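Q: Got a sequence here, can you model it:
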Amino acid sequence: MSFRFRLRWRRVDVAIVLLSIVAAVGNLSAAGEPGVKVRFVLPQPINGKVSLRVGDFVDIACEPYGYPLPVLIGWTKGSSDELIGQNDCDKRVLSSSSGGGLHLFIESLLKSDIGDYFCLAKAGSKSVKETITLQETGPVFYSQVFTAKEFGSVRLVCAGINVKAVRWKFAGIRIQTRYPYKFDGFFGEFLDIVNVTREHAGVYKCSPASSYTAGDVSGNQTLVVEYPAKIVGKWSENVTVTRGADVNVTCTAEGHPRPLIAWQHKGHTVASGLDPKFHVTVDGNSSKLAIFNVTMQETGMVTCYVMNYLSFVQASIELWLTPDESPEKTCTCCHQSLNSKASLTVKQGRRLEISCHSEYLIGRCNLGTVTFEWLKNGQSVENRNQTLIVPSVVMEDAGVFVCLMRTNREIYSKYFSVAVDDGEVKLPTPSPDAKTSVSLWTMIIAVCFLFVFVLAVAMLLRKRFRFLS
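A: Numbers count the residues shown, from 1 in each chain. Presented below is the predicted three-dimensional model:
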């Protein structure tokens, strides 16, 4: 029994040994071939790239890996087999072990330090090494976007790595120091533009002032000029369309940022999908409003609104229906009674009341539903009644008032020219003709008096001569 027990334990020991061997082999295969890797500690890589300039502090780490783990020997440069730091009098360049790796320190990089460096190590009887190259980096320029308001000022910055003296170009032409351009900064890396206009928008290139052998290196600095939105093109005062026809109204805008264009009809927002009678399409900076099968309900004020964060503008047109040509549908009494003008004067502080007087028109012409709209000097007045009342007239109420009466056929208008009397007493000033007339009558009367006087004197003298004789 004791022999069997010991035999069983020996079998267990053998299994443990076999498992240990398998694990060791697995670790060896996972560790891989022995070697070393090098990496920049300072300066730190940016997007995988390292920028080196003369005068920089350089720290390069050499780290072993694999199995068996290599033993680090030292650093060499170029074709020399001499280890850095052994017999070198240059105290700027040092080799030191730290944190399981071997570091190469260069306190202040010189042009003579540029070249290939090798990290040497030994894994058993095998020698391994890794190479890293130090090379002075040429200028690297960043591309940026700058924004300026029209007639304002802006500063463009030529930023990057190893940027020294630079030159600027716009549209392929080199920029000179004259209005509106001005250079600033130690290397001319700042470009100031005053009184910015839309023509200044575009891409400005900044590049080294001297030729660089690595190729054409430059940075694109994009200038975006913002200006207020406005409506361009001509707008008619009104548009006349035949009943049942379609009409298109186009509104074109300009501005940056790109303006937003919106429509209103009789004060109500118009957009595609809200009403089958209206359809809005947008093409770049233009918007077109289509009105289908126009009837009296679609007539009235159509307004285009154009806006960006710098401005808000609008323009309006009046949509009219062409009057029916058949005699049985023509309402002559409407033209005779309403399409007319009136002039009146009212004293300041008095009540003003003007009316369209449409009862006669509705009864005789069978106009159906009638709506009213009032305008003063071309601007809409908040009054939708037949009569416009101003309780107390002031001087600013003077002007031309228009009453628009909309029927199921067309629109009729009546004009009221209102003058306001300020109440001051003014002596009448005679006209030149009146002055001439008064002077003529005065002369006639004076001549008559003179004639009577001479006649009386003559008669008196005659009587006296008779008495003496």
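Q: wait, isn't G55 in contact with K111?
A: No - the pair G55 / K111 is not scored as a contact, 10.4 Å apart, by C-beta atoms under 8 Å. All C-beta atoms are positioned from the backbone trio N, CA, C, and that covers glycine.
Q: Run the chain-centre distance for stretch 447-464.
A: Stretch 447-464 has its C-alpha centroid displaced from the chain centroid by 98 Å (C-alpha atoms, centre = their mean, to the nearest Å).
Q: Please apply the same query to stretch 63-76.
A: Using C-alpha atoms, centre = their mean, the offset of stretch 63-76 from its chain centre is 61 Å.
Q: Now do the buried residues in it.
A: If you call a residue buried by 16 or more other C-beta atoms under 10 Å, then stretch 63-76 has these buried ones: E63, P64, P70, L72, I73, G74, W75, T76.
Q: May I see those residues arranged in JSON lines, with distance to Q176 as well?
A: Output for those, formatted as JSON lines (distance: C-beta to C-beta, whole Å):
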{"residue": "E63", "distance to Q176": "54"}
{"residue": "P64", "distance to Q176": "59"}
{"residue": "P70", "distance to Q176": "61"}
{"residue": "L72", "distance to Q176": "58"}
{"residue": "I73", "distance to Q176": "59"}
{"residue": "G74", "distance to Q176": "56"}
{"residue": "W75", "distance to Q176": "51"}
{"residue": "T76", "distance to Q176": "52"}
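Q: Go through those residues and say which is closest to P139.
A: Relative to P139, the closest of those is W75; by C-beta to C-beta it sits at 29.2 Å.
Q: In what element of secondary structure is the closest residue to the closest one other than its chain neighbours found?
A: Take W75 and drop its neighbours on the chain: the residue closest to it by C-beta to C-beta, 6 or more residues apart in numbering is I84, 4.4 Å away. Following DSSP states H and E, there is no helix or strand that holds I84.
Q: OK, contacts around I84?
A: Listed by C-beta atoms under 8 Å, 6 or more residues apart in numbering, the contact set of I84 reads G74, W75, T76, K77, V93, L94, S95, L104, Y117.
Q: again, only using 10 Å
A: 74-77, 90, 93-95, 104-106, 117-118 (C-beta atoms under 10 Å, 6 or more residues apart in numbering).
Q: Quick check: buried residues in stretch 36-54?
A: Buried-residue list, stretch 36-54, by 16+ other C-beta under 10 Å: V36, V38, F40, P43, V50, S51, L52.
Q: repeat for stretch 295-306
A: Going by neighbour count (16+ other C-beta under 10 Å), the buried part of stretch 295-306 is M296, E298, T299, G300, M301, V302, T303, C304, Y305, V306.
Q: Does the first one touch L321 like I think?
A: In other words, M296. Yes - counting by C-beta atoms under 10 Å, M296 touches L321, with 6.3 Å between them.
Q: about what we covered before: which one in the contacts of I84 is the model shakiest on?
A: Of all the contacts of I84, D90 carries the smallest pLDDT score, 72.
Q: wait, isn't that residue in contact with I106?
A: Yes - D90 sits in contact with I106 when judged by C-beta under 10 Å, with a separation of 9.4 Å.
Q: Need the overlap of contacts for the two.
A: Contacts common to D90 and I106, judged by C-beta under 10 Å, 6+ apart, are I84, D113.
Q: Of these two, which one has the most company?
A: I106 (21 against 13; other C-beta atoms under 10 Å).
Q: quick check, V447 in a helix?
A: Yes - counting by DSSP: H, G, I helix; E, B strand; the rest coil, V447 is found in a helix.
Q: any chance you could map the strands in the stretch 51-200 of the chain?
A: Counting by DSSP state E, counting those that start in this stretch, the stretch 51-200 of the chain has these strands, from start to end: 58-65, 71-77, 93-98, 101-106, 115-123, 126-134, 140-141, 144-149, 154-157, 160-161, 166-170, 173-174, 181-184, 190-193.
Q: Those: which one's closest to M405?
A: strand 144-149 (47.1 Å).
Q: tell me the pLDDT at the residue nearest to W75?
A: pLDDT, I84: 84.
Q: Could you measure from it over to V154?
A: 51 Å (C-beta to C-beta, to the nearest Å).
Q: What is the nearest of the buried residues of stretch 63-76 to E150?
A: Out of these, the member with the shortest distance to E150 (by C-beta to C-beta) is E63, at 57.8 Å.
Q: What is the linear distance spanned by stretch 104-118 between its boundary residues?
A: 10 Å (C-alpha to C-alpha, to the nearest Å).
Q: So which bits of that stretch are buried?
A: In stretch 104-118, counting by 16+ other C-beta under 10 Å, buried: L104, F105, I106, L109, D113, Y117, F118.
Q: ok now the helix or strand where S316 lies, how far from the chain's centre?
A: According to DSSP H and E, S316 maps onto strand 311-321. On the basis of C-alpha atoms, centre = their mean, strand 311-321 sits 23 Å off its chain's mean C-alpha point.
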